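Visitor: below are the sequence and a predicted model for it; my questions follow.
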Amino acid sequence: MNPQESVTITPLNYSVHSALLVLEDGNIYVGQPYGAQGATTGEIVFSTAMTGYQETLTDPSYDRQIVVQTFPHIGNTGVNDEDVESSKIWVAGYVVRDPATQISNWRAQRSLDDDLYKYGIVGIADIDTRKLVRHLRSAGVMRAGIFSGDALLDNDGRLKRVEDLLDIVKNSPFMSGANLSQEVSTDSGYIVEPQGEFEGKEPLYTVVSVDLGVKAMSPYRMAERGCRVHVLPASSTYDDIKALNPDGVFFSNGPGDPSTADFEVEQLRKVLDAKIPFFGICFGNQLLGRALGFGTYKLKFGHRGVNQPVQDLTTGKVEITAHNHGFAVDAPKGEPVPSPFGNGHYGRVQVSHIDLNDDVVEGLQCLDIPAFSVQYHPEAAAGPHDAAYLFDRFINQMEQSKQLRG
Ligand SMILES: NC(=O)CC[C@H](N)C(=O)O
């Protein structure tokens, strides 16, 4: 919405025991406190996933976003230490309809409430999430805040006016223009050794994975195909990457606006110039798009969930896939085109995948250099495994390039 627009607030019934969800357009929802109490702001987005709340909450790409779950019952299977995608919960806030009061799963180690408290995640429950999501779909994603407990009171202990809470939301940062890679990336590098049938064996390939907010399952999917994966901080230079003599380079998913990631794009161009095989997921796809000279833009309400139909235009096959993106690459569909950067500097590029719901670009394939990427999540955490073949494509690309080098 246009931030200058004035808003009308209808009178509401709430008390210090309530929680308030305040949207920047003046829409306000009264609910119950859920998780930690306090104040939080962020971009409000929704996920249509029916499973995998643990993977959603711990996905670093949700940094600075308040997540609404369309699935009404959340917390049923509790929380375990195996399904986490990073070391903490990243969402800025959590909006649910009906939190489970009983945990029912043999893998559960504790309740979701325990973790929401532990990481100080301010949430709100008893929200009509269907109404809220219909609103976000027509108005677009926007800034919002959740307020509960002391955050509802002024210095004299009186209930704050919603106009004051709305001011807090209107003074919070926008997602457009946000550069968040450093906020979520690892401080120092670490190694993921080959897993499964390759555990304890000499690695078949060495991959450098640049952590722009990486989900744990991405390096794992390479490790279970025999790769040793060096995960490096987002601040790594091309020389840091090159020093590990990788067979392939991977740029991960991550939060923020891809148009701000100039440093990472510059490093990526050097990887492409050196013809080192490259694979990117989500933010990594957006950065490949930028390196090739395409623009990126913000979607009205993005794709988040585990049930998005995507077509692989190189094979014609349709797959059901996991998504979490609010931006997309602006590239022409159809015949391959010369990379706009440097008037065809990287040869021909083809849009390899599209989303069948809205035709958004979901993948890029270079035809003259060994580089490709997808906007969605083949690591499938959570989500269907239809797109696992993309990790095999990366392995094949590394193998071919190894053989060419002799
Ligand atoms: N999961 C991701 O990598 C998200 C990429 C980017 N932050 C977006 O919202 O589009």
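Guide: Cool, the structure landed.
Visitor: from now on I want contacts and neighbour counts done on CA atoms only, so please keep to that.
Guide: Fine.
Visitor: hey, what's residue 74 bridged with?
Guide: With DSSP bridges as the criterion, the beta-bridge partners of residue 74 are residue 99.
Visitor: now do the same contact list for it.
Guide: With contacts taken as CA atoms under 8 Å, 6 or more residues apart in numbering, residue 74 has the following neighbours: 53, 96, 97, 98, 99, 100.
Visitor: which member of those is positioned nearest the ligand?
Guide: Nearest to the ligand among the contacts of residue 74 is residue 53, at 15.0 Å by CA to the nearest ligand atom.
Visitor: list phi and psi for the closest one.
Guide: phi -60, psi -30 (degrees, to the nearest 10).
Visitor: where's it relative to residue 64, distance?
Guide: Residue 53 sits 17 Å away from residue 64, going by CA to CA, to the nearest Å.
Visitor: correct me, but residue 322 touches residue 309?
Guide: No - contact between residue 322 and residue 309 fails when scored by CA atoms under 8 Å: they sit 9.1 Å apart.
Visitor: of these two, which one has the most company?
Guide: Each of residue 322 and residue 309 had its neighbours counted (other CA atoms under 10 Å), and the higher figure belongs to residue 322 (27 against 16).
Visitor: nearest the middle, which residue of this structure would you pick?
Guide: Among the residues of the chain, residue 61 comes closest to the average C-alpha position under CA atoms, centre = their mean, at 3.3 Å.
Visitor: now the helix or strand containing residue 34, how far from the centre of its chain.
Guide: Element membership for residue 34, per DSSP states H and E: strand 28-35. Mean-position distance between strand 28-35 and its chain equals 25 Å (CA atoms, centre = their mean, to the nearest Å).
Visitor: so that it lines up with my notes, have the first residue be 13 from now on.
Guide: Got it, first residue is 13 now, which makes that one strand 40-47.
Visitor: buried ones in that strand, by neighbour count?
Guide: 40, 41, 42, 43, 44, 45, 46, 47 (16 or more other CA atoms under 10 Å).
Visitor: is the ligand contacted by whichever helix or strand comes after that strand?
Guide: Tracing the chain past strand 40-47, the next element assigned as helix or strand by DSSP H and E is strand 51-59. No - judged by CA under 6 Å from any ligand atom, strand 51-59 and the ligand are separated, with a smallest distance of 10.0 Å.
Visitor: and the next helix or strand after strand 51-59, what other elements does it pack with?
Guide: Proceeding N to C from strand 51-59, the next assigned helix or strand is helix 65-69, under DSSP H and E. The elements that helix 65-69 packs onto, with contact taken as 3 or more CA pairs under 8 Å, 6 or more residues apart in numbering; DSSP states H and E, do not include any helix or strand.
Visitor: would you mind pulling the contact partners of stretch 397-405?
Guide: Around stretch 397-405, the neighbours that count as contacts under CA under 8 Å, 6+ apart are 233, 234, 331, 332, 333, 389, 390, 391, 392.
Visitor: would you mind giving these as CSV with pLDDT and neighbour count added?
Guide: Listed next are those as CSV, based on pLDDT from 0 to 100; neighbours: other CA atoms under 10 Å:
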residue, pLDDT, neighbour count
233, 98, 19
234, 98, 24
331, 98, 18
332, 98, 17
333, 98, 25
389, 98, 26
390, 98, 25
391, 98, 25
392, 97, 20
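Visitor: keep only those that also lie close to the ligand.
Guide: Contacts with the ligand within the contacts of stretch 397-405, as defined by CA under 6 Å from any ligand atom: none are present.
Visitor: which of the residues you listed fall in strands?
Guide: Counted as lying in strands by DSSP state E, out of the contacts of stretch 397-405, are 331, 332, 333.
Visitor: as JSON lines, those with distance to residue 307 would be great.
Guide: JSON lines is the format used below for the ones in strands among the contacts of stretch 397-405 (distance: CA to CA, whole Å):
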{"residue": "331", "distance to residue 307": "26"}
{"residue": "332", "distance to residue 307": "26"}
{"residue": "333", "distance to residue 307": "24"}
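Visitor: closest one of those to residue 227?
Guide: When those are compared for distance to residue 227, the smallest value, 15.8 Å, is given by residue 333; criterion: CA to CA.
Visitor: my read: the closest one touches residue 394, true?
Guide: No - if you go by CA under 8 Å, residue 333 and residue 394 don't touch, sitting 9.8 Å apart.
Visitor: circling back to that earlier point, now do the strand holding residue 46: everything it contacts.
Guide: Taking contacts as CA under 8 Å, 6+ apart, the residues outside strand 40-47 that touch it are 21, 24-26, 29-34, 125-126, 128-129, 132-139, 160-161.
Visitor: buried ones among these?
Guide: Buried members of the contacts of strand 40-47, scored by 16+ other CA under 10 Å, are 30-34, 125, 128, 132-139, 160-161.
Visitor: let's see which of these end up in strands.
Guide: Assignment to strands by DSSP E places the following of these there: 31, 32, 33, 34, 134, 135, 136, 137, 160.
Visitor: could you dump those into a markdown table and include pLDDT and distance to the ligand?
Guide: Converted to a markdown table, these look like this (pLDDT from 0 to 100; distance: CA to the nearest ligand atom, whole Å):
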| residue | pLDDT | distance to the ligand |
| --- | --- | --- |
| 31 | 97 | 27 |
| 32 | 98 | 25 |
| 33 | 98 | 22 |
| 34 | 98 | 22 |
| 134 | 98 | 21 |
| 135 | 98 | 21 |
| 136 | 98 | 23 |
| 137 | 98 | 25 |
| 160 | 98 | 27 |
